[in-house]
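# Attaching a predicted model along with its sequence, questions to come.
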Amino acid sequence: MPRIVCVCLSHWPVTRLRRAGLAPDRGPLAVAAEGPGGLRLLALDPEARALGLRPGEPLGRVRARIGVPLQVHPADSESDRAALLRLCRWAEGYAPVVAPFGAAEAADGFYIDVAGASHLRGGEEPLVDDLAGRLARSKIPARIALADTPGGAFALACYGASDRVIVPPGGAEPALRALPVEALRLDPGTVSGLRRLGLRRVGEVDALARGPLARRFGEALLLRLDQAMGRRPEPLAPLTEEAAYRAARGFLDPIGRQSDIVVTARLLMAEIAPRLERDGIGACGLRLVLHRVDGVMRVLDLGLSRPERCPERVAALVSLRLDRLGAGLDAGFGFETVTLTVTVTGALSARQTELGAAPQGDGIDALADALTQRLGRPLLRLGARASHIPERAAQPLPWISDPTPWPDHLPPRPLVLFPRGEAALDVLSTVPEGPPRRFRWRARIHAIVHAEGPERIAAEWWHAPGAARDYYRVECEAGRRLWLYRDGPHAPGRPAAWFVHGVFA
């Protein structure tokens, strides 16, 4: 039987701001977010609640109503969520299954399934006492309840009479009957409908016939009721598993110097490298995440041109990236956690590392990686694409050590290829289907002294209908070598259009 600890964090956005040093320790303090009609209160500290303020009130009306200065901070849901997930990771020290609240809970907090793990802390009551004490010492206000189901634990933690409730196995149902219907995690419309019928307590709803309730309020009401009472299962959605190739390091004394970050990145890569070598792969993409003490994260993505697992080379690339950032890194009061994750992998065969082996990191690939970090943007190269239409046959691709080979059976192609053909006007041709003898292009007359072709390239009918093109390599009197094509055949009263598509070296 599961035993679920629910930790409901009171005014979590305010707590996060104060723990990060972004808000004063004393209030009244509020967090506001955009809502219907403008800014509305999202979270309040106890001093603000003592003034009679409640979440959801319009900020403008609140300022006009109270005479006490109210400190208001903008909401930052991403930072709140990231801080909550870090707290969940910390809570994994009590049990491996930890799940943050979802949308149904409409609050900030998390669940811990302590079944089979509570004896490691001396039992359920010592575990809850230890958890509550550590949160209190860290100045994180919380209400905690332990019950057989997530729904029951949530109801008792958020709506129970005490900040700390422990329900013995099988005792959730009687403990829930006196709680308000809001404790069932229902939408506001359902709660309003129940209260209009005079149903204010969970026990009053549970005593009614289920058929009329389902017809009036839908299946969601019965589902939430049964989940809270333990009549239907409610599996937790624990935190996602760690990446297979990931390492992290925390610091009691935050770091901020570039040299310390580079050394940490090298140590983390040295920790990941044996796992990569065991699986015969290397890192083609890396993500270095620096967690600042105020909750702000700096994310550095590194792309490599070939699979790599050498810690020294990764450290060198990190150093180049930090050199480019300079003051833009903004370490603030320092970074308390550094995480390195392999985001993209590639096959990497075993290679000799001693006895005269060539040093790693030399050649054009190392230069490409260094330029990428120094310039701050990915290096590109032209790669082949499966199309015989000239303007579609190439595409820019990230620099990789072994690009897709170009077809070797094609006739010569110009060094400069225009994105689309440029019109050649006043074309003079002695043979209707032959190459031109003279034409005007870019306001100049070009006389042809030599021509080779034609090379016929048909349209890709599966993309769009079109006429076939006849391409000619021509040389002008001035020595310019151009690539021309005739778009379709000649027709009576409609001479074919000619275009210049490229220039040879």
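That came through, no problem. Not measured: the values here are computed from a predicted model.

# switch to C-alpha atoms for all contacts and neighbour counts from now on
OK.

# Return the helix or strand in this structure with minimum mean pLDDT.
Lowest on mean pLDDT, DSSP states H and E among the helices and strands of the chain sits helix 364-375, with a mean of 73.

# Show me what counts as buried in it.
With burial defined by 16 or more other CA atoms under 10 Å, the residues of helix 364-375 counted as buried are 365, 366, 368, 369, 370, 371, 372, 373, 374.

# In the stretch 301-450 of the chain, where is pLDDT below threshold?
Along the stretch 301-450 of the chain, the parts satisfying pLDDT under 70 run over 349-364, 376-378, 398-405.

# where along it do the strands fall?
Along the stretch 301-450 of the chain, the stretches classed as strands by DSSP state E, counting those that start in this stretch are 335-347, 380-384, 394-398, 416-428, 438-441, 444-457.

# buried set for the longest one?
Neighbour counts using 16+ other CA under 10 Å place 446, 447, 448, 451, 454 of strand 444-457 among the buried residues.

# how close does the fourth one get to residue 341?
In this structure, residue 451 and residue 341 are separated by 57 Å, where distance is defined by CA to CA, to the nearest Å.

# same question, the third one
Separation of residue 448 from residue 341 (CA to CA): 60 Å.

# Look at residue 333 and say how many residues are nearby.
Residue 333: 12 surrounding residues under other CA atoms under 10 Å.

# which residues touch the nearest residue to it once chain neighbours are set aside?
Nearest-residue entry for residue 333: residue 293, 6.6 Å, with adjacent residues in sequence omitted and distances by CA to CA, 6 or more residues apart in numbering. Shown in contact with residue 293 (CA atoms under 8 Å, 6 or more residues apart in numbering): 20, 254, 333, 334, 335, 336.

# if we go to 7 Å?
If a contact means CA atoms under 7 Å, 6 or more residues apart in numbering, then residue 293 has 20, 333, 334, 335, 336 as its contacts.

# Just give the nearest non-adjacent residue to the fourth one, would you?
The one in question is residue 335. residue 292 (4.1 Å).

# Number of residues surrounding that neighbour?
Using other CA under 10 Å as the criterion, residue 292 is surrounded by 22 other residues.

# cool, and residue 9?
Considering only other CA under 10 Å, residue 9 is surrounded by 21 other residues.

# backbone phi and psi for the spatially closest residue to it that is not a sequence neighbour, please?
Nearest non-adjacent residue to residue 9, counting by CA to CA, 6+ apart: residue 142, 4.4 Å away. According to degrees, to the nearest 10, the main-chain angles of residue 142 amount to phi -150, psi 150.

# that older thread, of the contacts of residue 293, which is the most crowded?
residue 335 (26 neighbours).

# so that one makes contact with residue 253?
No. Shown here, residue 335 and residue 253 do not form a contact pair, counting by CA atoms under 7 Å, at 8.6 Å.

# Do a quick rundown of the helices in the stretch 201-350 of the chain.
Assigned by DSSP state H, counting those that start in this stretch, the stretch 201-350 of the chain shows helices spanning 202-206, 210-217, 219-229, 258-278, 311-325.

# Dump the ones you listed into TSV; add mean neighbour count as well.
Shown next, in TSV, are these (neighbours: other CA atoms under 10 Å):
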stretch	mean neighbour count
helix 202-206	17
helix 210-217	12
helix 219-229	20
helix 258-278	18
helix 311-325	19
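
# now the ones you listed as TSV including distance to residue 87?
Shown next, in TSV, are the helices of the stretch 201-350 of the chain (distance: least, CA to CA, whole Å):
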stretch	distance to residue 87
helix 202-206	31
helix 210-217	36
helix 219-229	25
helix 258-278	22
helix 311-325	28
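
# Now do the same contact list for residue 320.
Under the criterion of CA under 7 Å, 6+ apart, the neighbours of residue 320 are 373, 374.

# try 10 Å this time
Neighbouring residues of residue 320 by CA atoms under 10 Å, 6 or more residues apart in numbering: 262, 314, 369, 370, 371, 372, 373, 374, 375, 376.

# ditto for residue 105
8, 151, 154, 155, 158, 183, 184, 185, 186 are the contacts of residue 105 under CA under 10 Å, 6+ apart.

# tell me the most buried of the strands of the stretch 301-450 of the chain?
Highest mean neighbour count among those (mean count of other CA atoms under 10 Å): strand 335-347, with a mean of 19.

# now the angle from it to helix 258-278?
For strand 335-347 against helix 258-278, the angle by axes from the mean of the first three to the mean of the last three CA atoms, to 10 degrees is 30 degrees.

# so what strands line up beside strand 335-347?
When pairing is defined by DSSP bridges, strand 335-347 lines up against strand 246-255 (antiparallel), strand 281-292 (antiparallel).

# Of all these, which one is nearest residue 72?
strand 281-292 (23.0 Å; CA to CA).

# which parts of that closest one are buried?
So, applying 16+ other CA under 10 Å, buried residues of strand 281-292: 281, 282, 283, 284, 285, 286, 287, 288, 289, 290, 291, 292.

# Show which residue of the chain lies farthest from the average position.
The outermost residue of the chain, judged against the average C-alpha position, is residue 430 (62.7 Å), by CA atoms, centre = their mean.

# hang on, that residue packs against residue 436?
Yes. Residue 430 is in contact with residue 436 according to CA atoms under 10 Å; the separation is 7.2 Å.

# any idea of the pLDDT on residue 296?
pLDDT for residue 296: 72.

# Excluding residues flanking it in the chain, which one is nearest it?
Closest to residue 296 by CA to CA, 6+ apart is residue 79, at 7.3 Å.

# The one you found sits in which helix or strand?
Residue 79 is part of helix 77-91 when elements are defined by DSSP states H and E.

# on that earlier part again, put together a markdown table for the buried residues of strand 281-292, with pLDDT and distance to residue 414 on each row.
Formatted as a markdown table, those follow (pLDDT from 0 to 100; distance: CA to CA, whole Å):
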| residue | pLDDT | distance to residue 414 |
| --- | --- | --- |
| 281 | 90 | 39 |
| 282 | 90 | 37 |
| 283 | 90 | 37 |
| 284 | 86 | 33 |
| 285 | 86 | 34 |
| 286 | 90 | 38 |
| 287 | 89 | 40 |
| 288 | 92 | 42 |
| 289 | 89 | 45 |
| 290 | 91 | 47 |
| 291 | 85 | 50 |
| 292 | 83 | 52 |
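
# can I get the residues you listed in CSV with distance to residue 123?
Shown next, in CSV, are the buried residues of strand 281-292 (distance: CA to CA, whole Å):
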residue, distance to residue 123
281, 45
282, 45
283, 44
284, 47
285, 45
286, 42
287, 40
288, 39
289, 37
290, 37
291, 34
292, 36
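
# Just the closest of the residues you listed to residue 14, please.
Residue 14 has its nearest neighbour among the buried residues of strand 281-292 in residue 292, at 18.1 Å by CA to CA.

# List of residues touching the helix holding residue 79?
The contact list for helix 77-91, computed with CA under 10 Å, 6+ apart, reads 9, 12-17, 20, 33, 96-101, 108-112, 131, 238-239, 294-297.

# cutoff 8 Å now
Helix 77-91 is contacted from outside by 12, 13, 16, 98, 99, 100, 108, 109, 110, 112, 295, 296, using CA under 8 Å, 6+ apart.
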